[in-house]
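> sequence and computational prediction follow.
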Amino acid sequence: MRTITKCAVALGALALPLTLPLATAAPASATTGGTGSAFAIAAAGPVAIPATPSVSSDAQRPERESVAELPNNPLVRASALNAAAWSGHARASVADLVLPRLGLKAAAVTAKCENGNGVSHLAKASLDGRRLQANAKPNSTVEIAVPKLGDASVVLNRHVRDRDGSLTVTAIQVRVPLPGGKTQTIDIASATCGKAADAPGGPGGPGKTPGGPGAPSAEPSAPPSSTPAVPTSPAPVPTPVTGDLPVTG
């Protein structure tokens, strides 16, 4: 909190919570395989807020962290912050979210990631008096003018795919421009999970692609025979013909 206070005082922004560049928090840790990770709120920029709470795990059972209320700071207020993660899964949620400077409010914000796929949800969310979609399409962006700063962007249901196939889904990311080309970002409810590998023999697995590796080859033809071939169809039945034969004597 001493760090947050010093930064805010230096910018003269204690009275303007979002006069600071909403720092983009690092994704909820890059994942490989079945690792999951999540955090409820984080900020980067002149005012930095560490990922709170934050959890990462590749165990088979969920590991959870919770914080009753976000420590006081000039950017954001929130309560009931939760993060959970386990192998291939991650979840994060925030309640009573308020960013005073932007007029951003939400009764609840959640993000969920499972086996490389993610979704987010906003409950009773609004931006400067405008209602926000509860289930926005991935990477939906809303622009808002911030007095004396410029246009800030609010990205809803932000999806970022890593090279290893893992996905980070962030319910809300706010970016506010600051003088001098700086930026303050805030990430709210972020979850990261790895993409599950195909099971052997399953769709896309070995032995399932015609002609692909592991696919059975066609049976070899029989070797040529040294004996003449025998007709496979039966011979026609002879038809009797009636008639008179001349008799000599």
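That came through, no problem.
> residue contacts, Ala85?
By C-beta atoms under 8 Å, 6 or more residues apart in numbering, the contact set of Ala85 is Thr35, Gly36, Ser37, Ala38, Val55, Ser56, Ser57, Pro62, Glu63, Arg91, Ala191, Cys193. Yep, even glycine has a C-beta here, placed from its N, CA and C like the rest.
> hmm, I was thinking of Ala83
Neighbouring residues of Ala83 by C-beta under 8 Å, 6+ apart: Ala38, Phe39, Ala40, Pro53, Ser54, Val55, Arg64, Glu65, Ser66, Ala90, Arg91, Ala92.
> go again using 10 Å as the cut-off
Ala83 is in contact with 28, 37-41, 51-56, 63-67, 90-94, 111, 189-191, counting by C-beta atoms under 10 Å, 6 or more residues apart in numbering.
> could you point out which element follows the helix or strand of the chain with the lowest mean pLDDT?
Of all helical and strand segments in the chain, the minimum by mean pLDDT, DSSP states H and E falls on helix 2-11, at a mean of 41. Once the chain leaves helix 2-11, the next helix or strand it forms, by DSSP states H and E, is strand 36-44.
> packing partners for the next helix or strand after that following strand?
Next helix or strand after strand 36-44 toward the C-terminus (DSSP H and E): strand 49-57. Here strand 49-57 touches helix 2-11, strand 36-44, strand 63-69, strand 77-86, strand 89-99, strand 182-193, going by 3 or more C-beta pairs under 10 Å, 6 or more residues apart in numbering; DSSP states H and E.
> so which of those comes closest to Gly150?
strand 182-193 (10.5 Å; C-beta to C-beta).
> name the residues of that closest one that come out as buried.
Buried residues in strand 182-193, counted by 16 or more other C-beta atoms under 10 Å: Thr183, Gln184, Thr185, Ile186, Asp187, Ile188, Ala189, Ser190, Ala191, Thr192, Cys193.
> cool, stretch 38-53 as well?
Quick answer for stretch 38-53 (16+ other C-beta under 10 Å): 38-49, 51-53.
> closest to Ser153 among those residues?
Out of those, the member with the shortest distance to Ser153 (by C-beta to C-beta) is Gly45, at 14.0 Å.
> my guess is the closest one contacts Gly181. True?
No: using C-beta atoms under 10 Å, Gly45 is not in contact with Gly181; the gap is 11.9 Å.
> returning to what we had before: just put the buried residues of strand 182-193 in JSON lines and tack on distance to Ala145 and pLDDT.
Putting those into JSON lines (distance: C-beta to C-beta, whole Å; pLDDT from 0 to 100) gives the following:
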{"residue": "Thr183", "distance to Ala145": "16", "pLDDT": "94"}
{"residue": "Gln184", "distance to Ala145": "16", "pLDDT": "95"}
{"residue": "Thr185", "distance to Ala145": "18", "pLDDT": "96"}
{"residue": "Ile186", "distance to Ala145": "18", "pLDDT": "97"}
{"residue": "Asp187", "distance to Ala145": "22", "pLDDT": "98"}
{"residue": "Ile188", "distance to Ala145": "21", "pLDDT": "98"}
{"residue": "Ala189", "distance to Ala145": "25", "pLDDT": "98"}
{"residue": "Ser190", "distance to Ala145": "26", "pLDDT": "98"}
{"residue": "Ala191", "distance to Ala145": "30", "pLDDT": "98"}
{"residue": "Thr192", "distance to Ala145": "32", "pLDDT": "97"}
{"residue": "Cys193", "distance to Ala145": "36", "pLDDT": "96"}
